[in-house]
Each structure stands twice: as C-alpha cells, then as structure tokens.
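Participant: after the sequence you'll find the predicted model.
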Amino acid sequence: MTHDPRMGIAARVGIVWGLLVVAWVAAGLIRAEFLAPRLPFDGWRAVESVVGGALGIAIVIWGCRVLDRRSLASLGLGWTRRDLAAFGIGAGLWTGLAALGLVAGAMAGLFTVTLGPPTWMMVGWILLQIGLVFTYEALPEELALRGYIYTNLAERLPRWVAVLGQAVLFMLWAFALVGLLQALGVGGGWSINLDRTILFLTFGIALALVRLWTGSLWGSIGYHLAFQVGMGLLSLDRLTVVRVPSSDIGSAGIVLWFFGIVLGGIVAFIALFRKERRAKANSAALPTYASEA
C-alpha cells in the first residue's frame with residue numbers, strides 16, 4: 001500500500017488521538033449506564049474490553065487506510081517468529097524485574113508478600129484477566145500510541161523527540177479520558193496528579209524503548225500486558241497466590257515502578273544502544289570493491 005497521505009502529520013495524529021479519546025469515553029459510558037447495573041463484574045468487564053478494544057483498533061485501521069494510506073505492517077505489527085520472540089522479551093522483561101522488585105522490597109521491610117497455593121480456579125481467573133487486558137489495553141493502546149502515533153512522529157522528527165512526543169500524548173490521552181468520564185459523572189478509578197504524570201511519562205518512554213529494541217510492536221504489547229496484569233492482580237482481593245496487603249500497596253507500587261519501568265526502560269535503552277552499535281560495526285566491516293578501470 002502506497003504511503004501518500006493527503007494531510008499533515010499533526011492533523012492526522014490529532015484526529016486519531018481525539019477519536020481514541022472519544023472511543024474509550026464511549027466504552028466507559030456504556031459500561032456505567034448499561035453494563036455494570038445489569039452484569040456481574042467479570043461480565044461487564046468482558047463486554048467493555050471487547051467494545052473499547054474493537055473501537056480503538058478500528059480507529060487505527062481507518063487512520064492507516066484513509067489518512068495515511070499505509071498498511072498495519074508498517075506500524076511494526078508483524079506475525080513472524082521474530083514478533084513472537086519480541087512479545088516474550090517484553091513480557092519477560094517486566095515480569096522478571098517486577099519479581100526482583102518484590103523480593104527486594106520484602107527483604108528491605110518495605111512491605112510484606114504472602115504466598116499461597118495456586119488453584120485451577122485461580123489459574124482460570126488469571127487467564128481471564130490476561131485476555132481482558134490484552135483486548136482492552138495492551139493491543140489497542142500499543143497499536144495506537146507506539147504504532148500509529150510514534151510511526152508518524154518518527155517520520156518527521158528525530159527519533160528521541162518522537163519517543164518523548166508519544167509518551168506525552170499517551171499521558172494526555174489517559175488524562176483526557178479520565179477527566180471527561182469524571183465530568184460526565186462516571187468514576188475514572190484514579191485522580192490526575194503528579195504521581196500519575198510521572199507514571200505515564202516513564203511508562204510511555206519505556207514502552208517505546210522496548211518496541212525499538214525488539215524491532216516489533218509485539219515487544220511493547222508484551223511489556224504492557226505484563227505490567228497491567230501484574231499490577232491488577234496484585235491489588236485485587238481475589239489473588240491468593242501472591243498477595244500484598246492493601247496497606248502496603250503504595251510502597252509496593254513505587255518499588256514496582258522503579259524496578260519494572262525505570263530499570264526496564266534502562267535495560268531496553270542499553271540493549272538498543274548495543275544492538276545499533278553492533279549493526280554499525282557489521283556494516284563498516286562489509287568489504288567494498290572499487291570498480292576496475
């Protein structure tokens with residue numbers, strides 16, 4: 001598909017960003033007005049995930065085809081073994097560093113961690129959360145932010161400016177979504193403050209670095225999925241395998257932010273730097289042949 005957009009980058013990014021806000025606000029209103037009063041917790045979450053995720057993906061597909069005249073593959077969403085490996089690297093990066101953070105925090109006395117025996121019901125419930133987070137957050141948000149928006153920004157701006165730009169738009173998207181839902185009388189679940197600003201900015205940068213390091217959007221999808229599922233399970237009462245008391249959630253959140261996001265971003269940055277340095281060295285080592293007169 002030929003990439004021959006009829007609009008400037010700012011206009012295309014602004015339209016898609018605005019439509020994404022509208023889509024998630026609409027999903028939140030549907031949940032509050034029609035689903036939550038009639039369905040159990042997991043039921044309305046499943047419907048909201050499908051509706052919100054489908055709207056987000058549809059907006060990105062429309063933006064690619066109509067505004068950009070490009071394919072989804074150009075955003076870094078492939079379906080090869082390399083992409084599968086990237087997904088595993090992203091998910092494993094956050095999970096491994098978060099587990100290290102939990103051990104370090106517990107040993108330092110910052111919080112307590114209780115371990116319990118897993119059950120088949122618990123395994124099924126965790127798999128359900130993975131499916132809901134993948135559908136509602138990890139896939140559509142990465143396709144939109146680290147896919148469509150980052151790709152457009154990187155075409156005209158220096159790469160590191162594009163990384164910071166998409167992180168800022170990621171933060172503003174979340175703030176606009178929560179602010180509008182709260183203005184409409186629908187609880188957003190959290191408040192807009194400095195802590196959230198730091199979280200979204202650093203998370204957005206780390207996600208972009210993982211995407212660049214792995215060379216695939218599936219890297220950031222895996223990293224995003226592991227973070228959302230891990231933090232969600234840690235703070236919900238139904239989790240009995242690994243449990244942090246509610247009084248310690250704040251301390252655990254800070255430790256997991258540092259280990260999973262800050263250190264995760266640093267690891268991805270170093271790995272990306274070494275990857276590109278090796279690529280340059282290999283390119284310089286290729287023999288050149290001068291044409292003979």
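Facilitator: Perfect, I can see it now.
Participant: could you grab the helix/strand/coil label for M7?
Facilitator: When classified by DSSP: H, G, I helix; E, B strand; the rest coil, M7 comes out as coil.
Participant: residues in contact with it?
Facilitator: M7 is in contact with 15, 67, counting by Cβ atoms under 8 Å, 6 or more residues apart in numbering. (Each C-beta comes from the backbone N, C-alpha and C, glycine too.)
Participant: again with V255
Facilitator: 101-102, 104-105, 110-111.
Participant: filter those residues down to the buried ones, ChimeraX style.
Facilitator: Selecting only the buried entries of those in ChimeraX, with 16 or more other Cβ atoms under 10 Å as the criterion:
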select :101,102,105,111
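Participant: lowest pLDDT pick from the contacts of V255?
Facilitator: pLDDT across the contacts of V255 is at its lowest for F111, which sits at 86.
Participant: so for this protein, the centremost residue is which one?
Facilitator: Centroid-nearest residue in the chain: H224, 3.7 Å away (criterion: Cα atoms, centre = their mean).
Participant: who's in contact with it?
Facilitator: If you count contacts by Cβ under 8 Å, 6+ apart, H224 has them with 90, 137-138, 141-142, 207.
Participant: which of the helices or strands spans it?
Facilitator: Element membership for H224, per DSSP states H and E: helix 217-234.
Participant: partner strands of whichever helix or strand comes after that helix, with direction?
Facilitator: Next in sequence after helix 217-234, counting helices and strands by DSSP H and E, comes strand 242-243. Strand 242-243 has its sheet partners listed here by DSSP bridges as strand 114-115 (antiparallel).
Participant: list the contacts for the closest residue to L115 other than its chain neighbours?
Facilitator: Sequence neighbours aside, V242 is the residue nearest to L115 in space, at 6.2 Å (criterion: Cβ to Cβ, 6 or more residues apart in numbering). When contacts are counted by Cβ under 8 Å, 6+ apart, V242 touches 102, 113-116, 233-234.
Participant: repeat the analysis, applying 10 Å as the threshold.
Facilitator: By Cβ atoms under 10 Å, 6 or more residues apart in numbering, the contact list for V242 reads 99, 102, 113-116, 118, 230, 233-234.
Participant: ok, A144 next?
Facilitator: 16-17, 19-20, 23, 56-57, 59-60, 63, 75, 150, 166, 169-170, 173.
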